[in-house]
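Undergrad: here are the coordinates; sequence isn't available:
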């Protein structure tokens, strides 16, 4: 059964009327029973997303915290996005890169890619997420792979959040050193999807839905999923996102599955979300994801404001962005006062304090709410009793992967195990046991 088959099977069961009936029938006692279970099923997930569960957030938070510490320890991995291009042929109604928006379009040159990478690496961050708009004639898979090769000396882990690719194109990226991908389905509501994507290759719902599986088949180490909360009923989209993650974990157990929880943010354009998603709703989604899939990573981006992100740290989050700009070329030249100046077509472009640009500069995909640097995020994470992690993964000799020194036990090309520590001479003591996060 494919993921599309799963969506087709469950869609009538969580249509407006049956979903409302299930939600109305759920009780706090049902929630308590789910929290006592070790293995959860789809109806348990729906219970955790119900209004009854919204009255039990404290109990859910205790369970989520316990599961997170068991699987990940008290750590938060830091990363930042690097936007390579904002050229796009799609007309997604909710996106600032919409092809019909009259914004300056840019694609980074080799020199600009390296400059962006060096600026980011100088902050200590070692996990990088590469993004582009959907315009194959400008930023095709070969361009993305080339950018990855330029950045690989600076970053041990490179991921992408780009348009849907074919199997061989994901394999091309893997060969270039990219080990992870994130794909937001945006909404799993197949009826609503065409209205939100009136034109462009992204209009193909099925091709996008299957993209994470194609990436897993191609050898991606990690696959991230998410729905853009607010496009449809947030409970329904969160439900399908979690089912998608469970399906991937079951069929590709060697792949690290993670969830993102983006809410709609202001952007170039006039689209407004049809379904409000409150802070409490967002907390409930995060807790439900963690309890349903204890080993899944959970990412909270700078779409959310600083105080909320800080309060989410102990509730199941494992990954956060820092030092973010959602504009093309938004990192290089950032001044110490938080402003940035970048040369573009021979003249300087001044950015605002969030690195978002102005009318004459790079237009962001969306406006961020937390402009803190990597250092500031590290301080905030430590203040909550958690450890900020700048690097926890790198490729080892045989082309496999290892999460830092704890996973540095290597194998020779013939498959024989050695006890070398990464960066240490042969004969060094054996590495410590693999942590639960591996």
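TA: Looks like it arrived, so ask away. Keep in mind the model is a prediction, meaning the values are calculated, not measured. Numbering: from 1, shown residues only.
Undergrad: can you list the strands that the strand or helix carrying residue 131 pairs with?
TA: Element membership for residue 131, per DSSP states H and E: strand 127-132. With DSSP bridges as the test, strand 127-132 is paired with strand 75-85 (parallel), strand 157-161 (parallel).
Undergrad: how about residue 91, nearest residue that isn't a chain neighbour?
TA: residue 199 (4.3 Å; C-beta to C-beta, 6 or more residues apart in numbering). Every residue, glycine included, has its C-beta placed from N, CA and C.
Undergrad: quickly find the element holding that neighbour.
TA: Here residue 199 is assigned to no helix or strand, by DSSP H and E.
Undergrad: neighbours of residue 58, how many?
TA: Using other C-beta atoms under 10 Å, residue 58 is surrounded by 7 other residues.
Undergrad: is it in a helix, a strand, or coil?
TA: helix (DSSP: H, G, I helix; E, B strand; the rest coil).
Undergrad: gap between it and residue 24?
TA: 22 Å (C-beta to C-beta, to the nearest Å).
Undergrad: and residue 85, by the same measure?
TA: From residue 85 to residue 24 the distance is 47 Å (C-beta to C-beta).
Undergrad: so which of those two has more stuff around it?
TA: Neighbour totals were compared for residue 85 and residue 24, and residue 85 leads with 24 against 10 (other C-beta under 10 Å).
Undergrad: which ones are touching the more buried one?
TA: 105, 106, 107, 108, 132, 133, 135, 138, 139, 143, 328 (C-beta atoms under 8 Å, 6 or more residues apart in numbering).
Undergrad: what strand or helix carries the last one?
TA: Spelled out, that is residue 328. Residue 328 belongs to no helix or strand when elements are defined using DSSP H and E.
Undergrad: can you check the first one too?
TA: Using DSSP H and E, no element contains residue 105; it sits outside every helix and strand.
Undergrad: excluding its backbone neighbours, what's nearest residue 305?
TA: Using C-beta to C-beta, 6+ apart, the nearest residue to residue 305 is residue 369, at 4.2 Å.
Undergrad: same check on residue 151?
TA: residue 117 (4.6 Å).
Undergrad: show me the strands in the chain, by range?
TA: Here the chain has its strands, by DSSP state E, at 75-85, 127-132, 157-161, 178-186, 222-227, 256-260, 297-300, 319-321, 340-344, 347-351, 387-389, 394-395, 401-402.
Undergrad: which helix or strand in this structure has the lowest average pLDDT?
TA: Within the chain, no helix or strand scores below strand 347-351, which has a mean of 32 by mean pLDDT, DSSP states H and E.
Undergrad: circling back to that earlier point, would you mind measuring from the residue nearest to residue 305 to residue 307?
TA: Separation of residue 369 from residue 307 (C-beta to C-beta) stands at 10 Å.
Undergrad: those two: which has the busier surroundings?
TA: More neighbours surround residue 369 than the other of residue 369 and residue 307, with 19 against 12 (other C-beta under 10 Å).
Undergrad: who touches the more buried one in this structure?
TA: 265, 302, 303, 304, 305, 306.
Undergrad: the fourth one reaches residue 370, doesn't it?
TA: Yes. The pair residue 304 and residue 370 qualifies as a contact (C-beta atoms under 8 Å) at a distance of 6.5 Å.
Undergrad: any common contacting residues for those two?
TA: Contact with both residue 304 and residue 370 is made by no residue, according to C-beta under 8 Å, 6+ apart.
Undergrad: and the pLDDT at the residue nearest to residue 151?
TA: On pLDDT, residue 117 comes in at 97.
Undergrad: what sits against it?
TA: Residue 117 neighbours (C-beta under 8 Å, 6+ apart): 82, 128, 150, 151, 154, 155.
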